[in-house]
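Asks: let's see this in three dimensions:
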Amino acid sequence: MPIMDGSSESPTTSAASSSSKESIELQVSSTSEVHKAEPSYRLLGVCLGVSSAFLFSLTQLCAHHASLHLSSAEIMLARCFIQTLVSGLLAIYSGINPLGPAEVRFMCFLRGALGSLGNFLLLYAVGRMPVADANTIFFSNPIFTVVYAACLLNEPTTKYEVASLVMGFMGVTLVTRPTVIFHGPDESASPSTESTSAVAACVMGAAVSGLVPVIVRRIGDSVHQYCLVFYFGATGTLLATTMLLTRFQPLLVPAAADSLEAYSLLAAICMLGLGTQFTFNRAMQIEKPQVCAVLRSLNVAFTFVWQQVGTKDPTEPLSIIGACLIVSSTLAILFAKGAKAQAESKTSEERSVRVYGRE
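Replies: Just a heads-up that it's a prediction; the model follows:
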């Protein structure tokens with residue numbers, strides 16, 4: 001009788017082993033999909049988006065007061081430099097290359113460059129046209145985001161997202177009240193007030209900023225958020241330095257003894273800016289670009305509240321209505337995402353039960 005080698009495997013055993021391995025891999029993949037469909041995970045992106053809008057509104061409030069002592073380029077330079085330093089150190093401490101994987105470095109650089117360029121164009125427009133008009137045009141970027149996401153990512157846009165988009169844009173318009181739409185009988189939308197270059201810069205800024213959520217969504221989880229924050233800070237530092245060297249913005253640098261408040265506000269801007277970037281980049285990695293763009297417009301309502309609290313300006317009824325519309329659009333997204341996440345989680349669990357059976 002021939003003696004069989006103990007190390008050899010029969011075809012039946014090999015096939016069973018291969019089938020078992022494939023089953024384990026399929027189960028791991030299914031488990032990952034179930035985890036991503038959980039309501040807590042799906043709502044995390046929405047919560048991060050709201051948090052980023054809240055922090056960004058506080059950053060704007062501090063920047064408004066700091067602008068009495070510092071130029072916009074100086075504020076941008078300080079914020080972006082600290083952002084680059086902190087995110088780079090965090091990445092190195094965590095064992096992550098701040099530049100990210102080689103295959104997606106161009107996309108990361110593009111995200112940082114477009115984000116910085118959008119801020120630069122907004123600053124340019126605000127200096128040459130009414131702030132309300134500039135913000136109204138700039139915060140139309142969710143419209144561009146919806147178009148980009150549909151064309152580049154083939155992501156469907158639900159009726160809830162469209163309704164929230166329209167409602168949010170109407171709210172932004174009522175809060176800012178641009179003179180193009182809301183002018184009295186003795187007023188007119190003067191071409192000298194709204195120069196062609198400023199309007200073009202605002203439209204370009206909205207178009208550029210609308211592309212950022214799509215790029216981050218395309219990158220996905222292949223890059224850590226530290227890398228995305230690092231790229232934004234590095235490109236913003238380069239842009240702000242260029243603005244100062246070309247004297248597009250003046251270099252003021254007040255004495256610390258005379259402007260302690262200015263430097264305190266500058267430190268707050270740096271910290272709030274860091275929080276804004278970390279939460280917003282992570283939200284864009286988790287959530288759809290359309291949803292992130294709608295949630296981002298919530299900062300208009302937050303800024304309106306801070307302005308009313310910090311100043312004694314009379315409250316306009318249209319501003320209150322607009323703020324309510326913006327908040328309502330965000331709440332609509334929250335409820336829609338919660339219902340969808342719960343439904344997807346239940347469907348995924350039922351599919352898993354059909355495949356593997358109950359334990």
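Asks: only C-alpha atoms for contact and neighbour calcs from this point on.
Replies: Noted.
Asks: identify the residues contacting residue 57.
Replies: Neighbouring residues of residue 57 by CA atoms under 8 Å, 6 or more residues apart in numbering: 299-300, 302-303, 306.
Asks: quick one: it from residue 272, how far?
Replies: As judged by CA to CA, to the nearest Å, residue 57 and residue 272 stand 9 Å apart.
Asks: where do the helices of the stretch 201-350 of the chain begin and end?
Replies: With DSSP state H, counting those that start in this stretch as the criterion, the stretch 201-350 of the chain has helices at 225-245, 260-286, 289-296, 298-310, 317-356.
Asks: deepest of those helices, which one?
Replies: Mean neighbour count (mean count of other CA atoms under 10 Å) peaks for helix 289-296 among the helices of the stretch 201-350 of the chain, with a mean of 28.
Asks: name the helices or strands packed onto that helix?
Replies: On a contact count with 3 or more CA pairs under 8 Å, 6 or more residues apart in numbering; DSSP states H and E, helix 289-296 meets helix 39-66, helix 141-148, helix 159-176, helix 196-219, helix 317-356.
Asks: repeat that with 7 Å
Replies: The contact analysis (3 or more CA pairs under 7 Å, 6 or more residues apart in numbering; DSSP states H and E) places helix 289-296 against helix 39-66, helix 141-148, helix 159-176, helix 196-219.
Asks: mind putting those into JSON lines with mean pLDDT?
Replies: Converted to JSON lines, these look like this (pLDDT from 0 to 100):
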{"stretch": "helix 39-66", "mean pLDDT": "79"}
{"stretch": "helix 141-148", "mean pLDDT": "77"}
{"stretch": "helix 159-176", "mean pLDDT": "78"}
{"stretch": "helix 196-219", "mean pLDDT": "83"}
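Asks: any chance of CSV for those, columns distance to residue 320?
Replies: Below are these laid out as CSV (distance: least, CA to CA, whole Å):
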stretch, distance to residue 320
helix 39-66, 17
helix 141-148, 22
helix 159-176, 7
helix 196-219, 24
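Asks: can you check which of these gets nearest to residue 96?
Replies: Residue 96 lies closest, by CA to CA, to one member of the helices and strands packed on helix 289-296: helix 196-219, at 16.3 Å.
Asks: buried residues in the closest one?
Replies: Within helix 196-219, the residues that count as buried by 16 or more other CA atoms under 10 Å are 198-199, 201-219.
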